[in-house]
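>>> After the sequence you'll find the predicted model.
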Number of protein chains: 2
Amino acid sequence: MENIEEDKHFWENILFPNQELNSWPVDEAALSGYYDSSSPDGGASSAASKNIVSERNRRKKLNERLFALRAVVPNISKMDKASIIKDAIEYIQHLHEQEKRLQAEILDLESGKLKNPTYELEHDLPILLRSKKRREQLFDSATLKNSPIELIELRVAYMGEKTFVVSLTCSKRTDTMVKLCEVFESLKLKIITANITSFSGTLLKTLFIQADETEKDVLQIKIQTAISALNVPQSPMSI
Amino acid sequence: MENIEEDKHFWENILFPNQELNSWPVDEAALSGYYDSSSPDGGASSAASKNIVSERNRRKKLNERLFALRAVVPNISKMDKASIIKDAIEYIQHLHEQEKRLQAEILDLESGKLKNPTYELEHDLPILLRSKKRREQLFDSATLKNSPIELIELRVAYMGEKTFVVSLTCSKRTDTMVKLCEVFESLKLKIITANITSFSGTLLKTLFIQADETEKDVLQIKIQTAISALNVPQSPMSI
DNA sequence: AGCCACACGTGACAC
DNA sequence: TGTGTCACGTGTGGC
């Protein structure tokens, strides 16, 4: 039977569907001739031949689909029909996971961005102060080139009655005020009154803040370190 | 032939693989009996029966895979084998597109976040003010619960010499000051001097700011809308 | 009736 | 050597 010989080239017929009729030793005409004209009974075998060609087309279509499936799935190990489907399943599951991951990341980014347009103050600030790597990771590349605050002077004085006076001088750059406000808020300081003045690229700040219950020494160091963390390393700082 | 009768329940055998041996009128023993014991020659037909059962297992495995594929693909229209594969292909392509979309969005968010800790000032602010949907989309759920600024009063007055006086009253909540500072910085306003006073949960701010070159009317509206965007919808606002 | 989709058994081929 | 995979033709059931 030539029909059995024909499928030596499995996927070639699918790879080059235009050539398949030419490459195949039998085509529809030959088949109908084989099944219709040579058979003793004309009518009954005609139905059988129709069924044959129909079934053949069905198989062909299914193989085409299978090959198309194989085309959209990367990293297919084996050309097995079963393996193709298996890899496709795993790939879809992989895509599902990745989609979830990406959506979670987007949600994280969006909420982090909006909840606090900067970063997660109370959350990130301790990390920010503790881990230098994390800080560099956040403040990298585009952020670093124009954002670091050049701290010129910083004074933190205890005035009694749980009240401090913070007075600092720094260069005015992008986000300078934002970052300073962040630091104060992250320390949960009650700002009684604040005065900010800027002239010729310099920013002067004087704040009266009230602590909750922490002792003064601890808070004083906290404020200094928090603000210093925003500073570029080399700039001078005095108590 | 019972073998042919058995597949009346196409996928049921796959749907309930535990029951298939019970539900099937024939099992392996019956088959081997049919093909082995009843055949005149024992040895040759044994190989044939092995081939038969092997082929049967292969088909079964392939169908199981196909059904598993159908399980991970939503919205399958037809139960056709070909249709299942077709839907799977389309679904994978859909996932591909979505993955690209999500990655692009993440890239967008990340760059926007790093480039400017607030939003993309000139870039995002117009969008933020223009599209209400996008704003609601951004300011959803976790963001809204504790962050919105309750704006009580807002005044923006032009003082001449490219100088404005912005005076506002709002409730003091988390990040209130940070967000306000962000708005001012995002508008690239030069802050000449600012005074902030907080008492009994209320925040009073008075700023003298200097514009670059924009005409006063535009800037005035910009400031108002930008600050109002941080507000909760129902709070009163006066010019 | 015709049509469509299926599982089956079988021979051929490859490793 | 067999073991695995394939396409084929065929019979059958559902619409």
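Perfect, I can see it now.
>>> any weak-confidence spans in chain A?
Low-confidence segments of chain A, defined by pLDDT under 70: A:1-46, A:110-149, A:173-175, A:199-201, A:213-215, A:231-239.
>>> Strands along that one, start to end?
Applying DSSP state E to chain A gives strands spanning A:151-160, A:163-171, A:190-199, A:202-210.
>>> Using CSV, list the CA coordinates for the second one.
What follows is strand A:163-171, C-alpha atoms only, in CSV (Å, rounded to 0.1, in the frame of the first residue of the first chain):
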residue,chain,number,x,y,z
THR,A,163,10.5,69.5,72.4
PHE,A,164,13.4,69.8,70.0
VAL,A,165,14.6,72.4,67.7
VAL,A,166,16.0,71.1,64.4
SER,A,167,17.8,73.5,62.3
LEU,A,168,19.5,72.6,59.1
THR,A,169,21.1,74.1,56.0
CYS,A,170,21.4,72.2,52.8
SER,A,171,21.6,72.8,49.1
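>>> So is that strand next to chain B?
No. For a cut-off given as C-beta under 8 Å from any C-beta of the partner chain, strand A:163-171 has no contacts with chain B; the smallest distance is 12.8 Å. Quick note: C-beta positions are derived from backbone N, CA and C, even for glycine.
>>> between that strand and strand A:151-160, how big is the angle?
Compare the direction of strand A:163-171 with that of strand A:151-160 by axes from the mean of the first three to the mean of the last three C-alpha atoms, to 10 degrees and you get 170 degrees.
>>> again with the third one
Here the directions of strand A:190-199 and strand A:151-160 differ by 150 degrees (the same axes, to 10 degrees).
>>> Identify each buried residue in strand A:190-199, please.
A:I191, A:I192, A:A194, A:I196, A:S198 (16 or more other C-beta atoms under 10 Å in any protein chain shown).
>>> who's the closest residue to the second one other than its chain neighbours bridged to?
To tie it back to what came earlier, the one meant is A:I192. Nearest residue to A:I192, sequence neighbours excluded (C-beta to C-beta, 6 or more residues apart in numbering or on different chains): A:F208, at 4.2 Å. With DSSP bridges applied, A:F208 shows beta-bridge pairing to A:V165, A:T193.
>>> Distance across stretch A:159-179, terminal residue to terminal residue?
25 Å (C-alpha to C-alpha, to the nearest Å).
>>> what comes up buried for that stretch?
A:162, A:164, A:166-168, A:170-172, A:174-179.
>>> Same check on stretch A:94-101?
A:L95.
>>> Report whether that stretch contacts chain B.
Yes. Stretch A:94-101 comes into contact with chain B (C-beta under 8 Å from any C-beta), by way of A:L95, A:H96, A:Q98, A:E99.
>>> Give me the contacts around that stretch.
Residues outside stretch A:94-101 that contact it (C-beta atoms under 8 Å, 6 or more residues apart in numbering or on different chains): B:V72, B:I92, B:L95, B:H96, B:Q98, B:E99, B:L102.
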